[in-house]
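1. Pasting the sequence and the predicted coordinates here, then a few questions.
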Amino acid sequence: MKARGRFIVLEGVEGAGKTTQWRHLSQRLRAIGLTVVEVREPGGPNVGEFIRELVLSPTTTIPPSTEALLFAASRAEVVSTVIQPALDRGAIVLVDRFLLSTYAYQGGGRGIDHGQLRTINAFATGGLTPDVTLLLALPLEGALERATRRSAPDRIEREDHSFHERVARTFLDATTTAWQQDHPDCGRIDLIDATGTPDEVTQRCVAFLAQLWPAQLGALLHENTTTSVTGTAA
């Protein structure tokens, strides 16, 4: 029977570089011969992409409770049709945002009770928990400035500064043992320094994952990294 794959999530405030690292890590993992399935949230093979367009559109007005349910609906589809089947095949599943973002944005940012969020997302995920979440740490001001430079802001990026401060505070809280014990559905959460060039951040992510699972991912440390994979931080 094939061993279950690994479920890795990338998280961070807007502009922290998670989408860039999502792409870079996918390339590095494939380079050592692993099967990698990339997922972004919200998103998915069908309904999730419609939800993504809806919730990120700057012209859309969505009440907080509706927003939380839409994210959960997208998650339900992608877990059942993409993530769980890929894990069952033994693939590495690399996800750009997952449960921690719900607690940070809809919980911290919107003020929705974490118990309510836990209930709707337990239904959406069927109890599936990430093996590890890499939380990219970058000072909020610099991250938001970077997000502004990269493209026109979406609906959530357009929120006021106090909203993003609450989100950042929740992410920081999530690095504590007490928070993780209260939120076991998020699994293990580890902080990665996101300062420096994208390639430097990738090396930190690689070193962490190789140390976490040396038998499976130790070859990442020995992979030829002379070809730059530098991209735009997201």
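-> Everything's here; your move.
2. where exactly do the strands run in this protein?
-> 6-11, 36-40, 92-96, 132-137, 188-193 (DSSP state E).
3. What average pLDDT does the last one get?
-> It refers to strand 188-193. Strand 188-193 shows a mean pLDDT of 97.
4. so how far is that strand from its chain's centroid?
-> 11 Å (CA atoms, centre = their mean, to the nearest Å).
5. In the helix-or-strand element of the chain with minimal mean pLDDT, which residues are buried?
-> Every helix and strand of the chain was ranked by mean pLDDT, DSSP states H and E. The lowest is helix 140-150, at a mean of 84. By neighbour count on 16 or more other CB atoms under 10 Å, the buried set for helix 140-150 is 140, 143, 144, 146, 147. Heads up, the C-betas are built off the backbone N, CA and C, glycines and all.
6. ditto for stretch 66-85
-> 67-68, 70-79, 82-84.
7. which ones are touching the residue nearest the centre of the chain?
-> Centroid-nearest residue in the chain: residue 97, 2.3 Å away (criterion: CA atoms, centre = their mean). Residues counted as contacts of residue 97 (CB atoms under 8 Å, 6 or more residues apart in numbering) are 9, 10, 11, 18, 40, 41.
8. Just the closest of the buried residues of stretch 66-85 to residue 152, please.
-> Distance to residue 152 across those (CB to CB) is lowest for residue 67, with 20.0 Å.
9. I figured the closest one hits residue 110, correct?
-> Yes: between residue 67 and residue 110 there is a contact under CB atoms under 8 Å: 6.9 Å.
10. Just send the strands of the chain back as TSV, with distance to residue 201 too.
-> TSV is the format used below for the strands of the chain (distance: least, CB to CB, whole Å):
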stretch	distance to residue 201
strand 6-11	11
strand 36-40	18
strand 92-96	15
strand 132-137	7
strand 188-193	7
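11. got those as JSON lines, with distance to residue 115 and mean neighbour count columns?
-> Converted to JSON lines, those look like this (distance: least, CB to CB, whole Å; neighbours: other CB atoms under 10 Å):
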{"stretch": "strand 6-11", "distance to residue 115": "21", "mean neighbour count": "24"}
{"stretch": "strand 36-40", "distance to residue 115": "26", "mean neighbour count": "19"}
{"stretch": "strand 92-96", "distance to residue 115": "23", "mean neighbour count": "24"}
{"stretch": "strand 132-137", "distance to residue 115": "20", "mean neighbour count": "23"}
{"stretch": "strand 188-193", "distance to residue 115": "19", "mean neighbour count": "16"}
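12. which stretch among those comes nearest residue 122?
-> Taking CB to CB, strand 6-11 is the member of the strands of the chain nearest to residue 122, at 16.1 Å.
13. Packing partners of the closest one?
-> With contacts defined as 3 or more CB pairs under 8 Å, 6 or more residues apart in numbering; DSSP states H and E, the packing partners of strand 6-11 are helix 18-31, strand 92-96, helix 99-101, strand 132-137.
14. ok, and for the first one, which residues are buried?
-> Taking 16+ other CB under 10 Å as the basis for neighbour counts, the residues of helix 18-31 that come out buried are 18, 19, 20, 21, 22, 23, 24, 25, 26, 28, 29.
15. Go through those residues and say which is closest to residue 198.
-> Of all the buried residues of helix 18-31, residue 20 has the smallest distance to residue 198: 5.1 Å, by CB to CB.
16. ok, now how distant is that closest one from residue 140?
-> For residue 20, the distance to residue 140 (CB to CB, to the nearest Å) stands at 18 Å.
17. And the helices in this protein?
-> Counting by DSSP state H, the chain has helices at residues 18-31, 47-56, 64-78, 84-88, 99-101, 114-125, 140-150, 161-173, 177-182, 198-212, 214-217.
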